[in-house]
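Chemist: Build me a model from this:
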Amino acid sequence: MTNFRFDIDKMIRWLLPYFLVKPKHLAWLQTLFAPLKTLYSDFLGYRTLQLKNATINSQKARLETALRDQFADNTIYIFHPDDYLDQAFIYLEREGATPEFDYLHIEGHVPVDYDATQSEYNSQYDFIVRIPASLAGSTQAIYAYVKKYIFSSITFTIEIF
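Modeler: Predicted structure coming up:
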């Protein structure tokens, strides 16, 4: 990684000819370069932010962490319906499976707990971003933030819980 940091005050002292190194000249040059120092500091902050943004991609873990950092809420969650469907276990009631597992619908069995909601199980989206009710006002900002880092062909929705 390239180091973009340098000391402007030190540069003034080193590049100034020895016969001009006087307190009055140094003070005048430091005052003259004060706006440049501010701009340089702003540039370094912007560069750091852009380097951080460059590491964000559409991978679930990275995007979820970036959302949590951006909106300062650790309860934001990204749900992929395919993750659940790949791991679903469906049993016949006569097989003796525990009530936590799903049974075939034709048997009329109602599970004690659902592993996923109806919208998650029959989702028309590639993923769902779940946000708490406290962030309901930021839905458009969250949508824009996620849209910035995913492929255009990927569809998603935002659910408030």
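Chemist: CA only for contacts and neighbour counts going forward, please
Modeler: Fine.
Chemist: can you give me the strands for this protein?
Modeler: Assigned strands in the chain, in chain order: 77-79, 90-91, 102-103, 127-131, 156-160 (criterion: DSSP state E).
Chemist: OK, contacts around the spatially most central residue of the chain?
Modeler: When C-alpha atoms, centre = their mean is applied to the chain, the residue found nearest the centroid is Ala66 (1.5 Å). Going by C-alpha atoms under 8 Å, 6 or more residues apart in numbering, Ala66 touches Ile56.
Chemist: How far does stretch 146-157 stretch from one end to the other?
Modeler: Taking C-alpha to C-alpha, to the nearest Å, stretch 146-157 runs 10 Å from one end to the other.
Chemist: list the buried ones in it?
Modeler: Neighbour-count burial for stretch 146-157, with 16 or more other C-alpha atoms under 10 Å as criterion, is recorded at Val146, Ile150, Phe156.
Chemist: ok, now stretch 11-23?
Modeler: Using 16+ other C-alpha under 10 Å as the test for burial, stretch 11-23 gives Ile12, Arg13.
Chemist: same question, stretch 25-39
Modeler: Neighbour count says stretch 25-39 has Leu26, Gln30, Lys37 buried, by 16+ other C-alpha under 10 Å.
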